[in-house]
Structure formats: C-alpha cells, structure tokens
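Asker: Predicted model, plus sequence, below.
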Amino acid sequence: MTKVLYPGSFDPVHNGHCEIVETAAEVFDQVVVAAIRNPQKGDGLFDLVDRQEMLREVFAHLDNVEITMFSSLVVDLAKEIGADLIVKGLRAVSDFESELRMAQMNNALSGIHTVFVPSTSRHSFLASKLIREVARFGGDVSTMVPDVVAKRLNETFAA
C-alpha cells in the first residue's frame with residue numbers, strides 16, 4: 001500500500017488543488033492532505049480549523065483521502081503518518097524551480113522522495129492568493145473553487 005502526503009496552505013483550496021488530490025487518489029492507495037499555516041505567506045484568510053473543515057467537505061467523496069493539519073516540517077509529518085512519498089502540484093516552470101529545491105531539501109532531511117503532478121492548462125493559472133484577492137474585491141471565483149469554498153468566500157467578504 002502506497003501512502004502519500006500532499007501538504008499545502010490551501011487558503012483557500014481551489015480546483016487546481018482538487019485536480020491534484022483526485023489524480024493522487026487514482027494513482028496511490030492513500031492520500032493525506034495536510035493544511036499548514038505557512039509563515040512565509042503571512043496571516044491566512046481562513047484559520048487552520050476552517051481550512052480543515054473545507055478540505056473534509058471537498059474531498060468527502062474520496063474514500064482514500066484523509067485530511068489533517070500540521071505546524072511542523074513536512075518531513076516530520078511524512079514520517080509521523082508513514083508516508084512513502086510527498087506529492088506536489090506544478091502549474092508552471094516557476095513552480096518546478098521552487099518545488100524542486102524543496103523536494104531536494106526534504107529528501108536530504110528524510111530520504112522521502114517527492115512526486116510532481118502537473119495541473120491541466122485549465123487550472124494552471126489558479127493560485128489561492130489570486131482567488132483571495134479577486135474575492136475580496138467582489139469578483140466571481142465560483143468556477144475556480146469548490147462550491148463550499150465559494151460560499152465561505154462570499155460569507156467572509158460580505159461582512
């Protein structure tokens with residue numbers, strides 16, 4: 001049985017993330033999606049508990065997907081859950097450059113390899129930061145995020 005870890009901030013989770021999780025769920029036996037508060041990205045729009053709830057709702061249809069959150073090194077969580085691999089999505093060449101460095105560091109620290117899953121072109125422009133920005137100014141992101149996330153974004157910015 002192959003267990004993989006898909007870590008990210010998921011603030012908010014968008015259709016590009018969904019594509020990566022659904023692909024990983026087809027290829028691997030078990031997928032653990034782990035939300036983290038990334039200090040490099042500043043304060044999140046949604047707290048970790050909210051993100052975890054949204055992720056659970058979004059991926060409830062996938063029996064082999066588990067949701068968790070963490071505040072440690074990715075490799076520490078990977079070891080803790082017994083992950084065989086780390087999964088990362090790629091949208092563009094620029095993602096590959098930064099993700100490759102991270103994958104090499106993670107491998108040096110733990111011996112765990114990273115598998116890259118490219119997104120389709122229809123999702124390659126999606127980024128949580130852009131979705132937050134558009135939603136904050138009243139733009140329609142409903143085709144870019146799962147329904148539960150669109151609802152949460154509308155509620156958050158309607159106030």
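Answerer: Ah, there it is.
Asker: contacts, neighbours, all on C-alpha from now
Answerer: Will do.
Asker: Just give me the longest helix of this protein.
Answerer: Longest helix of the chain, by residue count under DSSP state H: helix 93-110.
Asker: Need the contact partners of the next helix or strand after that one.
Answerer: The element immediately downstream of helix 93-110 (helix or strand, assigned by DSSP states H and E) is strand 113-118. Strand 113-118 is contacted from outside by 20, 84, 85, 86, 87, 88, 89, 90, 91, 103, 106, 107, using CA atoms under 8 Å, 6 or more residues apart in numbering.
Asker: Recalculate using a threshold of 7 Å.
Answerer: Strand 113-118 is touched from outside by 20, 85, 86, 87, 88, 89, 90, 91, 103, 107, with contacts defined as CA atoms under 7 Å, 6 or more residues apart in numbering.
Asker: At which residues are the helices of the protein located?
Answerer: 15-27, 48-58, 74-81, 93-110, 128-136, 147-158.
Asker: and the longest helix of the chain, which residues are buried?
Answerer: Of the residues in helix 93-110, 96, 99, 103, 106, 107 count as buried by neighbour count, 16 or more other CA atoms under 10 Å.
Asker: Let me know the average pLDDT across that helix.
Answerer: The pLDDT scores in helix 93-110 average 94.
Asker: do stretch 24-37 as well
Answerer: 96.
Asker: returning to what we had before: the longest helix of the chain vs helix 74-81, what angle?
Answerer: Compare the direction of helix 93-110 with that of helix 74-81 by axes from the mean of the first three to the mean of the last three CA atoms, to 10 degrees and you get 60 degrees.
Asker: Packing partners of helix 93-110?
Answerer: strand 113-118 (3 or more CA pairs under 7 Å, 6 or more residues apart in numbering; DSSP states H and E).
Asker: Among the helices of the chain, which comes closest to residue 36?
Answerer: Minimum separation from residue 36 across these (CA to CA) falls at helix 48-58, 7.0 Å.
Asker: Mind listing what's buried along the closest one?
Answerer: Neighbour-count burial for helix 48-58 [16+ other CA under 10 Å]: 48, 51, 52, 54, 55, 56, 58.
Asker: about what we covered before: let me know the closest of the buried residues of helix 93-110 to residue 124.
Answerer: Checking the buried residues of helix 93-110 against residue 124 by CA to CA gives residue 96 as the nearest, at 12.6 Å.
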